[in-house]
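Chemist: 3D, please:
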Amino acid sequence: MANRLVCMCNFVDEAEIQKLLEKGADSTSQIQSLTRAGTSCGRCLPVIDDLVERHLKTKPKPQQGKLRLGF
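Modeler: Next comes the predicted model:
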């Protein structure tokens, strides 16, 4: 996949957003705070939302312990 420019106003590319998602960012607002992407004209917000959503769908979920009932 080519590294595309997501936010033209603040020159934020997809690779930068992916790195932040891998480091633990989990929302569009966090990406905005860290990069300023989507804080000027806002046209890239749907793309950022999509990247965050796709990342969260593929992120492994923490395993839950078995529920022990005391009866």
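
Chemist: can you tell me the helix or strand for V6?
Modeler: strand 5-7 (DSSP states H and E).

Chemist: center of this structure - which residue?
Modeler: Against the mean C-alpha coordinate of the chain, by Cα atoms, centre = their mean, the closest residue is V52 at 3.1 Å.

Chemist: Now do the contacts for that residue.
Modeler: 21, 25-28, 31 (Cβ atoms under 8 Å, 6 or more residues apart in numbering). C-beta: built from backbone N, CA, C; applies to glycine.

Chemist: show me where pLDDT drops low in the chain?
Modeler: By pLDDT under 70, the weakly predicted segments of the chain are 1-2, 61-71.

Chemist: Just give me the longest helix of it.
Modeler: If you go by DSSP state H, the chain has its longest helix at helix 45-58.

Chemist: re earlier: may I ask which two of the contacts of V52 are separated the most?
Modeler: L21 and T28 (10.7 Å; Cβ to Cβ).

Chemist: related to what we said a few turns ago, could you give me the buried positions within the longest helix of the chain?
Modeler: Residues 45, 47-48, 51-52, 55 are the ones in helix 45-58 that count as buried (16 or more other Cβ atoms under 10 Å).

Chemist: CA atoms of that helix as CSV?
Modeler: Presented in CSV, the C-alpha positions along helix 45-58 are these (Å, rounded to 0.1, in the frame of the first residue of the first chain):
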residue,chain,number,x,y,z
LEU,A,45,-11.8,13.3,9.3
PRO,A,46,-13.7,10.5,7.6
VAL,A,47,-10.4,9.0,6.5
ILE,A,48,-9.0,9.3,10.0
ASP,A,49,-12.2,7.8,11.4
ASP,A,50,-11.9,4.9,8.9
LEU,A,51,-8.2,4.2,9.8
VAL,A,52,-9.0,4.2,13.5
GLU,A,53,-12.0,1.9,13.0
ARG,A,54,-10.1,-0.6,10.9
HIS,A,55,-7.3,-0.6,13.4
LEU,A,56,-9.6,-1.3,16.3
LYS,A,57,-11.3,-4.1,14.4
THR,A,58,-8.0,-5.9,13.9
